[in-house]
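[1] With the sequence up front, the predicted model follows.
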Amino acid sequence: MNLFISMKSIGKRKNVISKQTVQLPSTPGSLRVLLSELVTWNVQQLAEKDEEIHLVNYLTETEVNHQAINGKVGFGAIYNKKKPDLTEAIQTAIQAFEDGLFLVFINSEQVEALDAPLEMADGDEVVFIRLTMLAGRMW
């Protein structure tokens, strides 16, 4: 199943990731399963990126322009060599949703329950909106 994933932070005008295509092994039946599969996919992508070895890092002008649109230009180096624990990462994502740190929209409809059945089809758009907690005091 192919999905289009977008992420947005409330305080920023540009998308952090603009419609990235993700291929999942099956159709998720609930938000809990969708989050688990997306976290698994992310951990696999991180492991694959970590295995890539470049003798000389360089960026082409096209890569610089593409990264500049997203707001950060870099070589993509991973300095933390610790391998992520998949089970812990899935639990953290589910806990973050339960705590209200991000919202999930599937085809412009908000998903509010982790275990409610989802009606998803190939090519659906999933949007994650990360909420920013404000600090300060009122006078």
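    Done, it's in.

[2] which residues of the chain fall in helices?
    For the chain, the helices defined by DSSP state H occupy 31-51, 61-70, 86-98.

[3] which stretch among these comes nearest R130?
    Comparing the helices of the chain by their distance to R130 (C-beta to C-beta), the top pick is helix 86-98, with 9.2 Å. For glycine as for every other residue, the C-beta is placed from the backbone atoms N, C-alpha and C.

[4] V43 contacts A89, doesn't it?
    Yes. If you go by C-beta atoms under 8 Å, V43 and A89 touch, sitting 6.0 Å apart.

[5] how near is F97 to F4?
    F97 is 20 Å from F4, where distance means C-beta to C-beta, to the nearest Å.

[6] out of these two, which sits in the more crowded spot?
    Taking neighbours as other C-beta atoms under 10 Å, F97 and F4 compare with F97 leading, 19 against 14.

[7] Now for that one: which residues touch it?
    For F97, the contact set (C-beta atoms under 8 Å, 6 or more residues apart in numbering) comprises L31, L35, V104, L114.

[8] Okay, now the unreliable bits of the protein?
    Within the chain, the segments meeting pLDDT under 70 span 9-18, 50-58, 76-80, 134-139.

[9] is the closest residue to I106 other than its chain neighbours in a bridge, and if so with what?
    Spatial nearest neighbour of I106, excluding adjacent residues (C-beta to C-beta, 6 or more residues apart in numbering): V126 at 5.4 Å. Here V126 sits in beta bridges with I5, I106, as judged by DSSP bridges.

[10] list the contacts for V126?
    Contacts of V126 (C-beta under 8 Å, 6+ apart): L3, F4, I5, S6, L34, V104, F105, I106.

[11] What distance do you get for it to K72?
    Using C-beta to C-beta, one gets 22 Å for the distance from V126 to K72.
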